[in-house]
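**Q** Need coordinates for the below:
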Amino acid sequence: MFGVLNTGLCPIGIDVGTHSVRMLQFRRKGEALALQAACKVEMESGEGESGGRARLQGAIKRCLSLQPFIGRRAVMTLPPSAVASKSIRLPQMPDTDLQQALKWEVKDRFGFEMGEGQIVWFRAGEVRRGTEVKDELLLFAAKGQDLALHLDAAAGAGVTTAAIDLSACAGYRGAMRGGFQHPIGEAAAILDIGEHSSEFIITRNEQLTFYKHVEIGGHHLDTAVSQKLGISHIEAAQMRSRLATDGGGESAAPLVQALQDAIRPSLEELARELDMCMRYFVVTFRGSRPDLIALTGRQSSCPRILEALSNILGVPTEAAQPLRGVLDLQDVARPDRSGEWAVAAGLSLYPVEAAQQGAAA
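**A** Next comes the predicted model:
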């Protein structure tokens, strides 16, 4: 099983967001997977690099003190804002030459030297134009200072970081383990709606093929409700969360309709972005359109968002259930909140031992 160490314990998954940290740890329980601990805390405000390190370190320490995490071995992800990404096309070449070429691409495309930073790349597929054949690649890069900040914060909290994973990859790993009601063909799509932005990926035969960072998130939906109803941003967020949970009953029907009307323009804009992504995928890689869009993140528990995206796109949209079948779930990670734990779950399922064996070889 991915990520399970010889002790039966998985590493601690640390999902670092813009304003909060989610930490989750699985363990083996017989033939099943069980939840050892899960915790979410908001990060305190802090300015500058030192402030950012302190607020992250404090959040990790608080999670460790609130829940019975065992061991201090972890797999972490950086927030999307700390990872630059680009889809590029290059002539076909061996991996060793490609690694050097991509370092030059980082400077040209992202405007910073690699230095102590790191790059991760994926071969998305071949692209043909006439007789010319190129490789389309997904390139991700993180600055050395951002890596150091997160690693130092974890170390300051007493955590040993075994690996850093991309949030898109961790979210896919977490989402897929729960399975879906709708069948998935060769292409699978995952949409993670974060606080300020969203990440959309398409995989083909379980290989990452397409990635898009979209500047629309839960904050935009809360702002739309705030402006439409003339209430504060905090009140709008609380209202959306409450109605997503209990529906509000028949008496709240007018309010629910007003809320739907308020967020529909943002959802239509998001749907247009996703539709263009899927069209690009089909045309570029001559693949089939995804049969299902799986939603992860806090917004995945909102049936109105699922319904709206499904109706606009004409593609079934389903909330991911990364904790489906997991034993010993707690209130913080109960089934109706399962989707927001997809990244943390995927991090805890990261194949740590396989990665370390590969590095040793």
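**Q** what secondary structure does the nearest residue to Gln25 once chain neighbours are set aside sit in?
**A** Using Cβ to Cβ, 6 or more residues apart in numbering and skipping the chain neighbours, the partner closest in space to Gln25 is Gln36 (4.2 Å). In short, each C-beta sits where N, CA and C put it, glycine included. Under DSSP: H, G, I helix; E, B strand; the rest coil, Gln36 falls in the strand class.
**Q** And the helices in the stretch 201-350 of the chain?
**A** 218-229, 233-246, 253-285, 303-313, 342-348 (DSSP state H, counting those that start in this stretch).
**Q** got these as JSON lines, with mean neighbour count columns?
**A** As requested, these are arranged in JSON lines below (neighbours: other Cβ atoms under 10 Å):
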{"stretch": "helix 218-229", "mean neighbour count": "19"}
{"stretch": "helix 233-246", "mean neighbour count": "16"}
{"stretch": "helix 253-285", "mean neighbour count": "16"}
{"stretch": "helix 303-313", "mean neighbour count": "18"}
{"stretch": "helix 342-348", "mean neighbour count": "33"}
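**Q** okay, and for the stretch 101-250 of the chain, where does confidence drop off?
**A** Along the stretch 101-250 of the chain, segments meeting pLDDT under 70 span 244-250.
**Q** The same query, at a cut-off of 90, please.
**A** 101-119, 128-132, 177-186, 188, 194-196, 205-206, 218, 225, 228-229, 233-250 (pLDDT under 90).
**Q** Now render the helices of the stretch 201-350 of the chain as JSON lines, adding distance to Leu66.
**A** Below are those laid out as JSON lines (distance: least, Cβ to Cβ, whole Å):
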{"stretch": "helix 218-229", "distance to Leu66": "24"}
{"stretch": "helix 233-246", "distance to Leu66": "21"}
{"stretch": "helix 253-285", "distance to Leu66": "32"}
{"stretch": "helix 303-313", "distance to Leu66": "29"}
{"stretch": "helix 342-348", "distance to Leu66": "15"}
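**Q** out of these, which comes closest to Met23?
**A** With respect to Met23, and counting by Cβ to Cβ, the nearest of the helices of the stretch 201-350 of the chain is helix 342-348 at 6.4 Å.
**Q** How far does that closest one sit from its chain's centre?
**A** With Cα atoms, centre = their mean, to the nearest Å as the basis, helix 342-348 stands 9 Å off its chain's centre.
**Q** Count the neighbours of Lys134 for me.
**A** With neighbours defined by other Cβ atoms under 10 Å, the count for Lys134 comes to 14.
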